[in-house]
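S.K.: I'd like to go over a predicted model; first the sequence, then the structure.
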Amino acid sequence: MRVLKSGKPIPAYLLTALLILLAYSNSFRAGWHFDDADHITGNPAIQIKDLTRGSILSAVYAAPRVDETSPPSMYRPLATITFALNWYFGQEDVFGYHLVNIIIHLLAACLLLKSICLLYRTPRLESCADGREQHVALLAAALWAVNPLQTQAVTYIVQRMASMSAMFFMLALVLYLKGRLSDKLKFQLLNFSGVVAAFIWALASKENAIVFPAALLLVEITFFGPNTLSGSFKKKVVAGGIAAAASGLIGLLLLTKGDPLSLFEGYAGRPYTLAERLMTQPRVLLFHLSQLIFPSPGRLSIQHDITHSLSLTDPWTTLPCIGMVLFMIGFSLYSIRRHPLLSFAVLFFFLGHVVESSILPLELVFEHRNYLPSMFLFLPLSAAILRAETYLRARRPDMVRAFRFLVALLVAAFCIGTYTRNTAWADEFALWQDALSKAKRFDRPYINLAGAYEQRGDFNEALNLYGQALGKYSERKTDYQLVVLTNVGKIFFDRGDYSKAVELWSYAVNHVRDHALLRKNLALAHARLNEWDRAVTELDLALVQSPHQPEIHFLRASYLIELRRYDDAIALLNRVLFFGYEPQKTLALKAVATYHQQDFDEAERLLKLSALKKDSLELLIWLLAVNLNLNDQEDIDHYLDEIFRKASAGDLQPWVERMASPDYHLFRDKDRITAALTEKFHYSF
């Protein structure tokens, strides 16, 4: 396919690619954001170190986990495998991730372009094909591909899931159309086999591809249906409808693991009900349509100031928006034979939103959800533009050049808008400052911007923003209030104000929501205040909620040692070893307990087993202490020689000072250890 420009043939796919690369040229160094942490940078299952079968399987079962004891589960495996491969080749370097995202976007745009060309060969549109359908396809694909609204699906790294699913969705559609338009059985079978494979790949990237069978039914009705619905065609429609419904039901059962009602459990944590969400979504969908038509960067954000509808009249726009959506769907169905392109674009848009904009207890608004639904939205506009140009060439040829300039200006404006919007994705500060300027009523921008300041070390500004977040609208009932109190408490903890941290975290668990992580934090704060009994109590309460958290058991054992409950500590550490939690560290703590029990032979054995680095200075000092108690002069001399070989007197001074603290486990042997070191180094510590 070629498009003429300045007398030179330019491949349409190349032109599409150039437009995309220009629009996204400043996105290759955009930072990590928001859900990127849970899915990639903080997800050990993704962070593979080799390309073995085990590593790839680990990436398949890479659903974000609540804690270390949560069982691995499969989650959008094809997308997560690509993240794992990115990690293997580049770790946290964002360039590779953005490169892959842009390639996926480019392929999706090219498949969209191809699908439109194929649609013009269908029975309903072949009479409209005048040789310029390639121009329509190019313009429609370009307006979609460089629309600034798509930046959230392309530049936001984790949303590769959405763009990748859409890419395979479009591949399946192209293969279906090629097979459907062929009269050769072998070619049909080959293409339809590819349809099944691409559909599975789309589902393995993101679940909203489940609407594909319904989309094929829409294609059949719109572009292949006869002028009057004959009996045979009605049977095909019914069969297609049954297939689409069955596909949706199977997908629902797979998604919910056989319990469809579990879908609605998420509403317990939302400030809105199922009915309120359903009333809200028409407002959201019309808002997204307005963004696609007028995608000014000032109207785009990761957080929008849209709260849920409380009734059909609150806000007053609820009922009119519901009416408008129903009218658009009804008009499109009514006009499907007279205006197939317009009807298909509108119905495909609403069909594409069925999964994420209906009954699921998801958040209300996210721009990346429009990536697939918006694909054909610019097709009727592009067709109208080409018809207008044809009219002008016949009636006002003097205006054709100006008209083409305006069309080029529209595409350029979209490119500039995308380039501009990408600057907001540069880093967390840019993203959340932008969001805060557009959604001041919501708590998330305050919280995430505060987190960015906290990472920078500007704790005063972080505390200010966290304080402003309290009382703002949240799409979760208590989670964000819990996050605020947790993070503010952490700031005071890091500053050494442990009493204030205890006050904040105690308020959180007693008045917001009890949470194992907060109980663990409280235990850490009490431990810093040498309140060991209270620390153990907090960990006991944490274990009620998370009984199989080895880290909590490990902490509890360390506090039991402080309380001189050595037998209890050793029994607990044996359990931690059974969990497989950090065995070297656990063996070292068990050695401390046996040391306090004066079982020095066992302490020496455990210390040697625990050694990650067999000649670490701390390990050598502990082994020296054990052998001083065993009166094993040969080993005492050996470890003194090892210490002398490894460290200078200056290196040892901090350790001697540490042993002088009553809180340190070697305190009771500090004089013997110091005397031995002084004699060896001829240095007065």
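M.R.: Cool, got the structure.

S.K.: CA atoms for contacts and neighbours, from now on please.
M.R.: OK.

S.K.: residue ranges with poor pLDDT in this structure?
M.R.: Residue ranges of the chain with pLDDT under 70: 1-10, 66-70, 226-241, 243-260, 262, 478, 612-615, 683-685.

S.K.: where do the strands sit along it?
M.R.: Under the criterion DSSP state E, the chain contains strands at 2-5, 8-11.

S.K.: for M328, which residues are in contact?
M.R.: M328 is in contact with V346, counting by C-alpha atoms under 8 Å, 6 or more residues apart in numbering.

S.K.: what of I552?
M.R.: 520, 539, 542-543.

S.K.: for D540, see how far away the residue nearest to D514 when sequence neighbours are not counted is.
M.R.: Once flanking residues are discounted, D514 sits nearest to A508: 7.3 Å by C-alpha to C-alpha, 6 or more residues apart in numbering. Note on A508: its distance to D540, by C-alpha to C-alpha, to the nearest Å, is 17 Å.

S.K.: T41 now?
M.R.: Taking C-alpha to C-alpha, one finds T41 at 31 Å from D540.

S.K.: which one of the two has more residues nearby?
M.R.: Taking other C-alpha atoms under 10 Å, T41 and D540 do not tie; D540 has more neighbours (20 against 17).

S.K.: the residue nearest to D514 reaches V484, doesn't it?
M.R.: No: applying C-alpha atoms under 8 Å as the test, A508 and V484 come out as separate, 9.4 Å apart.

S.K.: more neighbours, those two?
M.R.: Between A508 and V484, V484 has the larger neighbour count (other C-alpha under 10 Å), namely 27 against 23.

S.K.: all helices of the stretch 501-650 of the chain, in order?
M.R.: Here the stretch 501-650 of the chain has its helices, by DSSP state H, counting those that start in this stretch, at 516-528, 532-545, 550-562, 566-579, 583-596, 600-610, 617-630, 633-646, 649-659.

S.K.: can you put those in a markdown table and add distance to Q134?
M.R.: Below are those laid out as a markdown table (distance: least, C-alpha to C-alpha, whole Å):
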| stretch | distance to Q134 |
| --- | --- |
| helix 516-528 | 58 |
| helix 532-545 | 61 |
| helix 550-562 | 61 |
| helix 566-579 | 62 |
| helix 583-596 | 64 |
| helix 600-610 | 69 |
| helix 617-630 | 73 |
| helix 633-646 | 75 |
| helix 649-659 | 75 |
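
S.K.: how about those, which one is nearest L436?
M.R.: L436 lies closest to helix 516-528 among the helices of the stretch 501-650 of the chain, at 27.3 Å (C-alpha to C-alpha).

S.K.: show me what that closest one is packed up against.
M.R.: Identification of packing neighbours for helix 516-528 by 3 or more C-alpha pairs under 8 Å, 6 or more residues apart in numbering; DSSP states H and E yields helix 498-511, helix 532-545.

S.K.: recalculate using a threshold of 10 Å.
M.R.: helix 479-494, helix 498-511, helix 532-545, helix 550-562 (3 or more C-alpha pairs under 10 Å, 6 or more residues apart in numbering; DSSP states H and E).

S.K.: okay, it in PDB with CA atoms only?
M.R.: Provided in PDB are the C-alpha atoms of helix 516-528 (Å, rounded to 0.1, in the frame of the first residue of the first chain):
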ATOM      1  CA  ALA A 516      -0.400  -7.200  59.900                       C
ATOM      2  CA  LEU A 517       2.200  -4.900  58.400                       C
ATOM      3  CA  LEU A 518       1.200  -2.100  60.800                       C
ATOM      4  CA  ARG A 519       1.400  -4.400  63.700                       C
ATOM      5  CA  LYS A 520       4.900  -5.400  62.600                       C
ATOM      6  CA  ASN A 521       5.800  -1.700  62.300                       C
ATOM      7  CA  LEU A 522       4.500  -1.100  65.800                       C
ATOM      8  CA  ALA A 523       6.700  -4.000  67.100                       C
ATOM      9  CA  LEU A 524       9.800  -2.400  65.500                       C
ATOM     10  CA  ALA A 525       9.000   0.900  67.100                       C
ATOM     11  CA  HIS A 526       8.400  -0.600  70.500                       C
ATOM     12  CA  ALA A 527      11.700  -2.500  70.100                       C
ATOM     13  CA  ARG A 528      13.600   0.700  69.400                       C
END
